[in-house]
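Peer 1: Pasting the sequence and the predicted model now:
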Amino acid sequence: MPNHKSDQKRKNTEYRMPIKQDNISRRTFIKELGIAGAGTLSLLGSNAIAQNIQNANADTKPNILLIMTDQQRWDAMSCSGNWVQTPNMDRIANEGVRFTNCVTTSPVCIPARLNLATGLYSHNTGVWNNSTHTMSPDTPTWMQAVRDAGYRTSVFGKTHFTPHSNGVDLRTREHLMHAYGLDDVNEIPGPRASRRVLSHMTAIWKEKGLWEAYRADLEERLNNKPHTIGPTILGLEYDADVYVGQQAKQYISNYSCEEPWCCWVSFGGPHEPWDAPEPYASMYNPNTMPPAVSRPPRGGRETGHLDNLMQQNRRSPNFEPGEIGRLRADYAGNVTMIDDQIGEILQIIQDRGELDNTVIVVCSDHGEMNGDYGLLYKSNFLNGSVRIPCLVRTPDTLNNSSLDRVCDSPVEWIDIGPTLVELAGGEINYQQFGKSLCPVLQDTNATHRDFAISQIEGETMLLNQEWKLALNSRAKPYLLFDVNNDPEETNNLAGRSEVKALETELRLQIFKHRSQTQVKMDVEPKSKKFVTLGQLKRNQLLQNFPNPFNPETWIPFQLANETDVTIRIHDTTGNLVKTLALGTMQAGPYTSQAQAAHWDGRNDNGERVSSGVYFYTIEARNFSATRKMLIRK
């Protein structure tokens, strides 16, 4: 990790959890919690802090507030869907830019959050689902880059950079958070994991006699009917989203370090269970909620992971009449509760005199189907799951009255990290594939990306401003939607003869993107020894040798674990040329000519293939990677 000039100062001002307090009334809870704690940060009053800030140089770096929710769909804001009351998110959108076509690079928690931290895709990290994964402390991140730019960084809430397994105590993992680039840490598990994982928050629940009741309530829901709707037994006082909001609010209120602050507020909601506390649980009328998108017939298309989800009773239950409306009403209440917490944080920043000089980003790791297609949860490429809120507000956008506040260009969630680094005046000196949004904050009509990519379970989706295509794990198209004429995605065109040329074109774009976004490695020509970026322990696919070649070539790779390996070779139209089924391979390097996979330049029919560009893809359990090679005759 880089050395920091202010390391000693960081140690002297290390954040500590606030002193726990006795039960207080609901009426006074929100008001009192934010000022009731004590820690080693200075407890200088907010008025005095505001006066000091107002007397400081007006050209000081902006503070940074990253607000992240968990499982918030793109339309769960007043400004995007008009069925959830979110006045504070709307304010941020009105003072910044709202990106209407932002997609998560993976529609499930762990791979999405790893993508965000590193700027890498799942085909780089090898993490394609919610598998047990701990991010290496050597991994370069945008948080480190912001810290290196002179900021004191903090996180309040969920990161999921390490497993939330039974019996884990997140308080013992703060050293990892420091290594990732976060100075002050108050991490919580997600709603489900909170029944089995210790944190500062669940320790309070335990002390108050609430943890066992929470665990019993959640187990009852999960073991019988996971989408049971009913207020949490915690009440508003101890709800996890209120806890996160109030801890962040207190931290900012008491902040007095010399460095500008970068505060990441990571709410665990509106992730299910559907247990918003009162008064939010009763805030919305289920009968006024938007109807769910119906599931169309499958037809004769290829199948993929979405079809697997639709066969699972837990994810595709038989809903009772009116149940989807009740689910959505509870979900909306949770979103509004989070928005109220955001409003209190903004007010504290305003009271400190810092709001005009604060960068604010609002986003979510993925969405929630909430009955669309008859599905619950996420983990697919449909809009409710893959499209997310993305709001960016800066001092410049605040003062630009002529700026168009909406950008329709495709955007990926990994673009957030490079954006924050640029706004902090920092630099990213490691390989990653996020792209700063700063240029389109000045010209929202510009194209940020030609298309956005999302991945899960070995599958890849491409979204541009006209089409959405999804390839299954066999690289076959199984979803194709006309996004302008079919915004609800009820007319799947995949597999139809009239769109074959379009499927080929989009499929080739996916292959090229995969090839162009491979992690570069240091390779010694003789031994083919390579160093993994950030020392992430994962499988790797190397460049074939020789390249260009005629008539044969070798394809080197490395395996982190024993697994079955298959290499498929496609031409530039996406047609399968050759399959190399290598069978079960032991962990280790396969980098020499004697070890690497051999291709004799013939197709599956034994015919010599012609000169040109080809793509080769390795499939090893959940790992998949693609590179480009050239035959020259």
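Peer 2: That came through, no problem. Residues are numbered from 1 along each chain as shown.

Peer 1: Verify the stated contact: Trp274 with Thr228.
Peer 2: Yes: shown here, Trp274 and Thr228 form a contact pair, counting by Cβ atoms under 8 Å, at 7.1 Å. Every residue, glycine included, has its C-beta placed from N, CA and C.

Peer 1: who has more neighbours, those two?
Peer 2: Taking neighbours as other Cβ atoms under 10 Å, Trp274 and Thr228 compare with Trp274 leading, 25 against 16.

Peer 1: how near is the more buried one to Ser266?
Peer 2: Look at Trp274 and Ser266: by Cβ to Cβ, to the nearest Å, they are 20 Å apart.

Peer 1: Tell me how many other residues surround the nearest residue to Phe549 once chain neighbours are set aside.
Peer 2: Take Phe549 and drop its neighbours on the chain: the residue closest to it by Cβ to Cβ, 6 or more residues apart in numbering is Ile631, 6.3 Å away. By other Cβ under 10 Å, 20 other residues sit near Ile631.

Peer 1: can you count the residues close to Asn622?
Peer 2: Other residues close to Asn622 by other Cβ under 10 Å number 18.

Peer 1: Which residue, other than its chain neighbours, is closest to it?
Peer 2: Trp128 (4.5 Å).

Peer 1: Shouldn't the one you found be within a helix?
Peer 2: No: looking at Trp128 with DSSP: H, G, I helix; E, B strand; the rest coil, it is coil, so not inside a helix.

Peer 1: low-scoring pLDDT stretches of the chain, where are they?
Peer 2: The model of the chain has pLDDT under 70 over residues 1-59, 520-538.

Peer 1: Can you pull the domain assignment for it?
Peer 2: 7-18+26-47+69-293+321-444, 466-516, 533-631 (automatic domain parsing).

Peer 1: before we move on, the earlier item: the residue nearest to Asn622 reaches Ile110, doesn't it?
Peer 2: No: the pair Trp128 and Ile110 does not pass the contact test of Cβ under 8 Å, sitting 9.6 Å apart.

Peer 1: how about CSV for the domains of the chain, with distance to Phe451 added?
Peer 2: Shown next, in CSV, are those (distance: least, Cβ to Cβ, whole Å):
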stretch, distance to Phe451
domain 7-18+26-47+69-293+321-444, 5
domain 466-516, 7
domain 533-631, 16
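
Peer 1: Of these, which is nearest Gln455?
Peer 2: Closest approach to Gln455 among those (Cβ to Cβ): domain 7-18+26-47+69-293+321-444, 4.3 Å.

Peer 1: can I assume Leu502 is in contact with Leu480?
Peer 2: Yes: look at Leu502 against Leu480 with Cβ under 8 Å: they come within range, at 7.5 Å.

Peer 1: so what sits against both of the two?
Peer 2: Trp467 (Cβ atoms under 8 Å, 6 or more residues apart in numbering).

Peer 1: So between the two, which is more surrounded?
Peer 2: Leu480 (22 against 17).

Peer 1: show me the contacts for the more buried one.
Peer 2: Trp467, Lys468, Leu469, Ala470, Asn492, Leu493, Ala494, Val499, Leu502, Glu503, Leu506.

Peer 1: name the element the fifth one belongs to?
Peer 2: Secondary structure assignment for Asn492, by DSSP states H and E: no helix or strand.

Peer 1: Ok, Ala501 next?
Peer 2: Secondary structure (DSSP H and E) places Ala501 in helix 500-516.

Peer 1: Just checking the distance from that helix to the centre of its chain.
Peer 2: 24 Å (Cα atoms, centre = their mean, to the nearest Å).

Peer 1: on contacts alone, who are the packing partners of that helix?
Peer 2: strand 459-463, strand 467-471, strand 477-482, strand 612-620, strand 623-631 (3 or more Cβ pairs under 8 Å, 6 or more residues apart in numbering; DSSP states H and E).

Peer 1: quick one: the nearest residue to Arg514 once chain neighbours are set aside and Ile456, what's the gap?
Peer 2: Nearest residue to Arg514, sequence neighbours excluded (Cβ to Cβ, 6+ apart): Thr626, at 3.7 Å. Remark: distance between Thr626 and Ile456 (Cβ to Cβ) = 16 Å.

Peer 1: now swap in Ile345 and tell me
Peer 2: For Ile345 relative to Ile456 (Cβ to Cβ), the value is 32 Å.

Peer 1: Tell me which of these two has more neighbours.
Peer 2: Taking other Cβ under 10 Å, Ile345 and Ile456 do not tie; Ile456 has more neighbours (31 against 24).

Peer 1: and the nearest residue to Gly612 once chain neighbours are set aside, what does it touch?
Peer 2: Counting by Cβ to Cβ, 6+ apart, the nearest residue to Gly612 once its immediate chain neighbours are dropped is Ile631, at 6.2 Å. Applying Cβ under 8 Å, 6+ apart to Ile631 gives the contacts Pro548, Phe549, Asn550, Gly601, Val609, Ser610, Ser611, Gly612, Tyr614.

Peer 1: what number of residues lie near the third one?
Peer 2: Here the neighbour count serves as a burial measure; for Asn550 (other Cβ under 10 Å) it reads 13.

Peer 1: cool, the first one as well?
Peer 2: Burial measure for Pro548: 13 neighbouring residues, criterion other Cβ under 10 Å.

Peer 1: hang on, isn't it packed against Arg632?
Peer 2: Yes: using Cβ under 8 Å, Pro548 is in contact with Arg632, at 4.0 Å.

Peer 1: Name the member of the contacts of Ile631 with the most neighbours.
Peer 2: Going by other Cβ under 10 Å, Tyr614 tops the contacts of Ile631 with 23 neighbours.

Peer 1: do you know how far it is from Asp564?
Peer 2: Taken as Cβ to Cβ, the span from Tyr614 to Asp564 is 23 Å.

Peer 1: next one: Leu403
Peer 2: Distance of Leu403 to Asp564, computed by Cβ to Cβ: 52 Å.

Peer 1: out of these two, which sits in the more crowded spot?
Peer 2: Leu403 (17 against 12).

Peer 1: How about the contacts made by that one?
Peer 2: Val97, Thr397, Gln442, Thr444.

Peer 1: By neighbours, which of those wins?
Peer 2: In terms of neighbour count, Val97 stands highest of the contacts of Leu403 at 23 neighbours, by other Cβ under 10 Å.

Peer 1: What number of residues are in the vicinity of Glu422?
Peer 2: Glu422: 18 neighbours (other Cβ under 10 Å).

Peer 1: before we move on, what about Leu469?
Peer 2: Counted with other Cβ under 10 Å, the neighbours of Leu469 add up to 26.

Peer 1: how about the nearest residue to it once chain neighbours are set aside, what does it touch?
Peer 2: Of all residues beyond its chain neighbours, the one nearest Leu469 is Leu506 (4.2 Å), with distances taken as Cβ to Cβ, 6+ apart. Leu506 makes contact with Leu462, Trp467, Leu469, Pro477, Leu480 under the criterion Cβ under 8 Å, 6+ apart.

Peer 1: Ok, Thr336 next?
Peer 2: By Cβ under 8 Å, 6+ apart, the neighbours of Thr336 are Val84, Gln85, Thr86, Tyr280, Met283.

Peer 1: Cys363 reaches Glu412, doesn't it?
Peer 2: No: contact status for Cys363 versus Glu412: not in contact, 11.0 Å apart, counting by Cβ under 8 Å.
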